[in-house]
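1. Return a 3D structure for these sequence lines:
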Amino acid sequence: MIRRPLGRLEVEDMVTRVGGLDNILSTRSPAYKKRAGSVGTDDGWLQAMVEEPRLMRRPILVTERGVAVGFNPDTWSRLLG
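-> Prediction:
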């Protein structure tokens with residue numbers, strides 16, 4: 001369950017912080033496969049992620065030290081430590 005979906009500016013900020021759309025867009029998700037033929041631009045994918053948060057890879061960890069997408073124990077330890 002997604003308790004509070006991100007707004008457009010939050011998604012744009014997240015994409016910037018993780019180094020670009022390719023680092024956060026979940027190309028394996030069913031939501032991606034449904035939209036792959038109809039969304040052709042980065043702006044379109046940003047809006048699609050606002051409308052369908054499951055297009056973003058998870059989990060996402062945001063700390064003062066940085067942002068991690070996906071679970072990597074070493075990265076999470078570094079960001080949380």
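
2. mind listing the strands for this protein?
-> 60-63, 66-69 (DSSP state E).

3. Flag every buried residue along the first one.
-> Right, the one you point to is strand 60-63. Within strand 60-63, the residues scored as buried using 16 or more other C-beta atoms under 10 Å are Leu61. C-beta coordinates here come from the backbone N, C-alpha and C atoms, glycine included.

4. neighbouring strands for that strand, and are they parallel or not?
-> strand 66-69 (antiparallel) (DSSP bridges).

5. Buried ones in the strand it pairs with, by neighbour count?
-> Val67, Ala68, Val69.

6. Quick one: mean pLDDT over that strand.
-> Regarding strand 66-69, the rounded mean pLDDT is 93.

7. now it, how far from the chain's geometric center?
-> In terms of C-alpha atoms, centre = their mean, to the nearest Å, the centre of strand 66-69 is found 10 Å from the chain centre.

8. With stretch 59-75 instead?
-> 12 Å.

9. neighbouring contacts of that stretch?
-> Contact partners of stretch 59-75, identified using C-beta atoms under 8 Å, 6 or more residues apart in numbering, comprise Met14, Arg17, Val18, Asn23, Ile24, Met56, Arg57, Arg58, Trp76, Arg78, Leu79, Leu80.

10. Tell me the most packed of those residues, by neighbour count.
-> The most crowded member of the contacts of stretch 59-75, judged by other C-beta atoms under 10 Å, is Ile24 (22 neighbours).

11. No further queries at this time; thank you.
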